[in-house]
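Visitor: Structure for this input, please:
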Amino acid sequence: MSYRATVLLGLVLAGSARAFDFPIQVTEYVDDVRVVAYIDEQDMETETPWHPFEAAPPLSVEQALKAVAGQIASDEALAGARLAEIVLRRIPHHESYWHYMVKLKTDAPTPHHTHYYLVLMSGKVIPALKRPPSIK
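Guide: Just a heads-up that it's a prediction; the model follows:
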């Protein structure tokens, strides 16, 4: 392979490697349960920063719940889900960016099954995963 072809291949591979954005991991504790969600870097680029005490949040609690209601309507496993908790929290390492953490309860597949969702200020709903406690 010629020198030019090698350099060109290296540039293409380096550009492809830089094009991949790692998701932002958000780890929250909700009632002593560790919950993890992943936000795409592209989603963060479209988020609106919020500075408390200067203005109302870009997404109200009512709008966040409407976004979650859309998620409930599109997922049969969430039929009959009821709101257990909603909390406004800062996105770690992104000082001016916030999200709502929503906890839902359903009776299926077992009584009081819990579902967690992160709602960005853009209204995007991201499922969160319950993680077992770390073994020390």
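
Visitor: make it CA atoms for all contacts and neighbour counts henceforth
Guide: Fine.

Visitor: Dig out what residue 24 forms beta bridges with.
Guide: Judged by DSSP bridges, the bridge partners of residue 24 are residue 39.

Visitor: That one is in contact with residue 43, isn't it?
Guide: No. Assessed by CA atoms under 8 Å, residue 24 is found out of contact with residue 43, at 9.8 Å.

Visitor: who's more crowded, those two?
Guide: Neighbour comparison, residue 24 and residue 43: the larger count goes to residue 24, with 17 against 13 (by other CA atoms under 10 Å).

Visitor: Next one, pLDDT for that one please.
Guide: The model reports residue 24 with a pLDDT of 87.

Visitor: all strands in this structure, in order from the N-terminus.
Guide: Secondary structure of the chain, counting by DSSP state E: strands at 24-30, 33-39, 82-90, 98-106, 113-120, 125-131.

Visitor: In CSV: these, plus distance to residue 64.
Guide: Below are the strands of the chain laid out as CSV (distance: least, CA to CA, whole Å):
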stretch, distance to residue 64
strand 24-30, 18
strand 33-39, 16
strand 82-90, 9
strand 98-106, 7
strand 113-120, 6
strand 125-131, 8
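
Visitor: Those strands: which one's closest to residue 47?
Guide: Residue 47 sits nearest to strand 113-120 of all the strands of the chain, at 7.5 Å, using CA to CA.

Visitor: mind listing what the residue nearest to residue 99 when sequence neighbours are not counted touches?
Guide: Among residues not flanking residue 99 along the chain, residue 120 sits closest, at 4.7 Å (CA to CA, 6 or more residues apart in numbering). For residue 120, the contacting residues are 47, 98-100, 126, by CA atoms under 8 Å, 6 or more residues apart in numbering.

Visitor: so how far is residue 127 from residue 50?
Guide: If you measure residue 50 against residue 127 using CA to CA, to the nearest Å, the figure is 22 Å.
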